[in-house]
Structure formats: C-alpha cells, structure tokens
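Visitor: this one's sequence-less:
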Ligand SMILES: CC(C)(COP(=O)(O)OP(=O)(O)OC[C@H]1O[C@@H](n2cnc3c(N)ncnc32)[C@H](O)[C@@H]1OP(=O)(O)O)[C@@H](O)C(=O)NCCC(=O)NCCS
C-alpha cells in the first residue's frame, strides 16, 4: 500500500514509500543513456525488494500535485568507513542507492521551491539522514555517468576512493557528503 504523502517544506514536492504495485514504476523514463537505463531497470524490476533484510533499502517516490518526479532508494549503514572508504573507523551514514528524476523534470527548477527538483530531493535525504543520526550521505556512481558526477559535485559531494565492484561489473566512484 502506498503511504500518505509527506510534504517537503518550502518545495512543491511530497514523498511517500513506494507501493511496489504502483504501475508508475513500469513507466519510469530517466534517460536513454546506459547508466540511466540501468537505474530505471532496477526500479522497474523492483530489485530492491529482492535484497536480504539487512540490505533491503527503503524506496521513496517523490511527486508534485499532478505528477511523479522521481525515486530514490536509501539505507542506513550503521558502520560505514569514516571519514574515507579506506579508514578503519566506522560511523553511521545514509547510503543513497539509486536516485532518478523522471526525464521531464530533469534540470528543471521547482516553481514552488528554491532549486532544481533533483537538488530538493537530496535536501530531503539530508533531513532524513540527520533524523537518523547519520554523519553524512554516501553513494557510488559509475565513472561514465558524467551527468550524475557533475550533479553530485555541484551539491558538494567529495570524491572518495574508487574501487572495483564485482557486483556492478566494473570500477565505481564513491562520493560522500559529511554534515
Ligand atoms: C542524476 C540525476 C538525478 C540528476 O538530476 P538532474 O535534474 O539531471 O540534475 P541537475 O540538472 O541539477 O544537474 C546535472 C548537471 O549535469 C549537467 N549535464 C547534463 N548532461 C550532461 C552530460 N551529458 N555530461 C555532463 N554533464 C551533463 C547539467 O547541465 C547539470 O549541470 P549544472 O550542475 O552545471 O547545472 C538525473 O540526471 C537522473 O535521473 N539521471 C538518470 C539516473 C542516474 O544516473 N542516477 C544517478 C545514479 S548515481
């Protein structure tokens, strides 16, 4: 069941836990690039639901009054290396798994808000992370995803150690934002 929409203060957005039965998931379109298709396929195939309990993220759906704007999967990692991936100390982070903005809303400013839609969604994630007592946000991105890399850089996410991921089948760039 879809939950109630939670308004995002000072924006035209609201969010809720996604209902896996929502047909909107079947119509996701966040771009034709391979990296964008990969993210869309993950959501369309409801792959987050297949993960084991400890690794199963929340999947949030963002929308305006009349349209779905985007999705994100998030998971609190209680013991994430801090302050870099190579460090032995561990802190609590909010892991951003998959973020996407539907194509019509990409690079679009929210007329009822203060920024582009994608940035507002990250603003909500920062608030959720703070409520969860996390020290920051962390995520991985493909080196070929230039648009996403530019986006995270503009929002102040710092580069971390690149690494080879067997699961993702190649090199990944890590990014983190420490509050
Ligand atoms: C990543 C994503 C959420 C960002 O949302 P967005 O609305 O596109 O973000 P913004 O417009 O604020 O920022 C993107 C930046 O990349 C730039 N850009 C657009 N296409 C680009 C390209 N092909 N190469 C490099 N930069 C590009 C934009 O001009 C913008 O630059 P700016 O910060 O100087 O304005 C969205 O593009 C998306 O859903 N992509 C597909 C899914 C995906 O890749 N998710 C991320 C996984 S880590």
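Guide: Ah, there it is. As the structure is a computational prediction, the values presented were derived from the model and not from experiment. Numbering: from 1, shown residues only.

Visitor: now the longest helix along the chain, how far from the centre of its chain.
Guide: Ranked by residue count, the top helix of the chain under DSSP state H comes out as helix 117-131. Distance of helix 117-131 from its chain centroid, counting by C-alpha atoms, centre = their mean, to the nearest Å, is 9 Å.

Visitor: Do any residues in that helix lie close to the ligand?
Guide: Yes. Under the criterion of C-beta under 6 Å from any ligand atom, the ligand is reached by helix 117-131 at 118-119. Just so you know, the C-beta spots here come from the backbone N, C-alpha and C atoms, and that holds for glycine as well.

Visitor: Give me the secondary structure label for residue 16.
Guide: strand (DSSP: H, G, I helix; E, B strand; the rest coil).

Visitor: Hmm, residue 6 and it touching each other?
Guide: Yes. Counting by C-beta atoms under 8 Å, residue 16 touches residue 6, with 6.4 Å between them.

Visitor: circling back to that earlier point, now the element after the longest helix of the chain, going C-ward?
Guide: Next helix or strand after helix 117-131 toward the C-terminus (DSSP states H and E): strand 136-141.

Visitor: Just the residues contacting that next one, thanks.
Guide: 77, 80, 91, 93-97, 99, 122, 125-126, 129, 148-149, 152, 157, 160, 165, 168, 172-179 (C-beta atoms under 8 Å, 6 or more residues apart in numbering).

Visitor: Buried members of those residues into PyMOL, please.
Guide: Of the contacts of strand 136-141, the buried ones go into a single PyMOL selection, burial set by 16 or more other C-beta atoms under 10 Å:
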select buried, resi 80+91+93+94+95+96+97+99+122+125+126+129+148+149+152+157+160+172+173+174+175+176+177
